[in-house]
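K.L.:
build the 3D model from these lines:
(one chain, ligands or ions: 1)
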Amino acid sequence: MTPYDATPSDAGDRLVTAAADGEDRAVEAALRPRDLGEFIGQERVREQLSLVLQAARKRGATPDHVLLSGPPGLGKTTLSMIIAAEMNAPIRITSGPAIQHAGDLAAILSSLTEGEVLFLDEIHRMSRPAEEMLYMAMEDFRVDVIVGKGPGATAIPLELPPFTLVGATTRAGLLPPPLRDRFGFTGHMEFYAPAELERVIHRSARLLDVEIDSQGAAEIAGRSRGTPRIANRLLRRVRDYAQVKHDGLITAGIAGQALDVYEVDGRGLDRLDRAVLDALLRLFGGGPVGLSTLAVAVGEESETVEEVAEPFLVREGLLARTPRGRIATAAAWQHLGLTPPSAPLGQRPLPAAQQQLFGSSDGPPTEG
Ligand SMILES: Nc1ncnc2c1ncn2[C@@H]1O[C@H](COP(=O)(O)OP(=O)(O)OP(=O)(O)O)[C@@H](O)[C@H]1O
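P.N.:
So this is what the prediction gives:
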């Protein structure tokens, strides 16, 4: 057992993950803004999109295809639904991984009605043949359906009604240029500022019939990692706490107590993030230390540390990835209330806990 007693499940059920879980999906429908006016933040995307939609309405045409890129939980699905609502059009929702064969895509495309919005989440994960079919559908509103196999196969052209594709991706860089170029408008979604998250929290609290004061909303917003989905999730957990332990009103004090119970700290770091940072500081004197060594120290897989904990720690300026290994920044020492060692690297005594962990005073094994 490691000093942190961390289990892989810590990574799976995190309160601060930006990915949606079952409960999120169930409540999110009720919390989604329905039109651009209700959509908080993302000023630039909102303004540009508003122009695209107004122009299309004026021309009486379907809007250009829209690509929305950015991390999970920032509102890409919500915006696609708003596009459909603003155009008074139906919406069909699917995702890249669900379309493994070109035939799957042909079936969806051929059943679209005029003006319909097709929302394709995780568009970068579509199969290659489907992607190629999509090029033609986006540009010419036509697909070639291949009937038969081998030399006898024939392509039957199928006309499609004009539709708007809204593609969403967390990895815009992974999209092949021919696909990226076929979108008339690309919106880059940014993390939300705390003040915007406060507005999201007040709005959700109203819809959930939860009483919250402005400091309570600020406390939750500060721990929400710039992500509305996390803000909404933390609000629900704090609501539970306020109802069980108090009279239901969420104040800063109550939000703080509740989120301490759930181990989400004042900056939005959870148990796993803090374990990684704590090991880096206490066991390795702030680094540099290799990823796999750090992972062993917290009892996690390297991938979990790299993909689950590190991105936020890097974004927050608490940890840096360098060619020599992971290093902690001055802000990391400050955040955990520890004092950085004064001796230069290489001349520091090995922290006692590290000697214990690796059973020698030669330091941790280095990365291969
Ligand atoms: N600008 C916003 N204003 C208010 N609420 C928002 C906003 N953006 C997102 N939300 C809320 O956050 C939740 C998550 O949003 P959404 O599902 O649109 O994210 P997403 O980017 O599509 O995530 P994923 O890619 O994981 O599906 C929704 O319930 C929605 O209510």
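K.L.:
what residues does the stretch 101-250 of the chain put near the ligand?
P.N.:
121, 168, 200, 228-229, 232 (C-beta under 6 Å from any ligand atom). C-beta here means a position set from N, CA and C on the backbone, and glycine is covered the same way.
K.L.:
can you pull out the low-pLDDT segments for the stretch 251-368 of the chain?
P.N.:
By pLDDT under 70, the low-scoring segments of the stretch 251-368 of the chain are 343-368.
K.L.:
contacts only, for V145.
P.N.:
Neighbouring residues of V145 by C-beta atoms under 8 Å, 6 or more residues apart in numbering: 106, 110, 155-158.
K.L.:
the residues you listed: which two are farthest apart?
P.N.:
S110 and A155 (14.3 Å; C-beta to C-beta).
K.L.:
who has more neighbours out of those two?
P.N.:
The neighbour comparison of S110 against A155 (other C-beta atoms under 10 Å) goes to S110, with 14 against 11.
K.L.:
mind listing the helices for the stretch 101-250 of the chain?
P.N.:
102-110, 128-140, 177-181, 194-208, 214-222, 228-245 (DSSP state H, counting those that start in this stretch).
K.L.:
please report the distance of L109 from the ligand.
P.N.:
22 Å (C-beta to the nearest ligand atom, to the nearest Å).
K.L.:
that residue against M138, yeah?
P.N.:
No: contact criterion C-beta atoms under 8 Å: L109 and M138 do not qualify, at 9.9 Å.
K.L.:
so R182 sits against V66, correct?
P.N.:
No: contact status for R182 versus V66: not in contact, 11.1 Å apart, counting by C-beta under 8 Å.
K.L.:
the more surrounded of those two?
P.N.:
Neighbours per residue, other C-beta under 10 Å: of R182 and V66, the larger number sits with V66, 25 against 18.
K.L.:
mind listing what the more buried one touches?
P.N.:
Applying C-beta under 8 Å, 6+ apart, the residues near V66 are 49, 52, 80, 83, 164-167, 183-187.
K.L.:
from these, pick the one nearest the ligand.
P.N.:
Nearest to the ligand among the contacts of V66 is S80, at 7.8 Å by C-beta to the nearest ligand atom.
K.L.:
residues touching that closest one, list them.
P.N.:
Counted by C-beta under 8 Å, 6+ apart, S80 has contacts 66, 68, 91, 93, 117, 119, 166, 168.
K.L.:
now, those that are in strands?
P.N.:
Judged by DSSP state E, strands contain the following of the contacts of S80: 66, 68, 91, 93, 117, 119, 166, 168.
K.L.:
mind checking which of those residues are buried?
P.N.:
Buried by 16 or more other C-beta atoms under 10 Å: 66, 68, 91, 117, 119, 166, 168, out of these.
K.L.:
now the two most distant members of the residues you listed.
P.N.:
Farthest pair in those, by C-beta to C-beta: L68 and I91, 13.8 Å.
K.L.:
T170: neighbour count?
P.N.:
Other residues close to T170 by other C-beta under 10 Å number 18.
K.L.:
which of the three states applies to the residue sitting nearest the centre point of the chain?
P.N.:
Nearest to the geometric centre of the chain sits P72, at 2.4 Å (C-alpha atoms, centre = their mean). Using DSSP: H, G, I helix; E, B strand; the rest coil, the three-state assignment for P72 comes out as coil.
K.L.:
ok, now which ones touch the residue lying closest to it once chain neighbours are set aside?
P.N.:
Of all residues not flanking P72 in the chain, A18 sits nearest, at 4.2 Å (C-beta to C-beta, 6 or more residues apart in numbering). Counting by C-beta under 8 Å, 6+ apart, A18 makes contact with 71-74, 225, 227, 229-230.
K.L.:
would you mind measuring from A18 to A218?
P.N.:
21 Å (C-beta to C-beta, to the nearest Å).
K.L.:
do G184 as well
P.N.:
Per C-beta to C-beta, G184 is found 39 Å from A218.
K.L.:
how about D260?
P.N.:
Taking C-beta to C-beta, one finds D260 at 16 Å from A218.
K.L.:
next one: I212
P.N.:
I212 is 10 Å from A218, by C-beta to C-beta.
K.L.:
circling back: of the contacts of V145, closest to the ligand?
P.N.:
A106 (24.8 Å).
K.L.:
all strands for the chain, in order.
P.N.:
Under DSSP E, the chain gives strands at 66-69, 91-95, 117-121, 142-147, 154-159, 164-169, 185-188, 319-322, 325-328.
K.L.:
more neighbours, D260 and A218?
P.N.:
Taking neighbours as other C-beta under 10 Å, D260 and A218 compare with A218 leading, 16 against 12.
K.L.:
how many neighbours does D209 have?
P.N.:
D209: 8 neighbours (other C-beta under 10 Å).
K.L.:
check the gap between D278 and the ligand for me.
P.N.:
In terms of C-beta to the nearest ligand atom, D278 sits 29 Å off from the ligand.
K.L.:
ok, and the closest non-adjacent residue to that residue?
P.N.:
Excluding its sequence neighbours, the residue lying closest to D278 (C-beta to C-beta, 6+ apart) is L336, at 6.3 Å.
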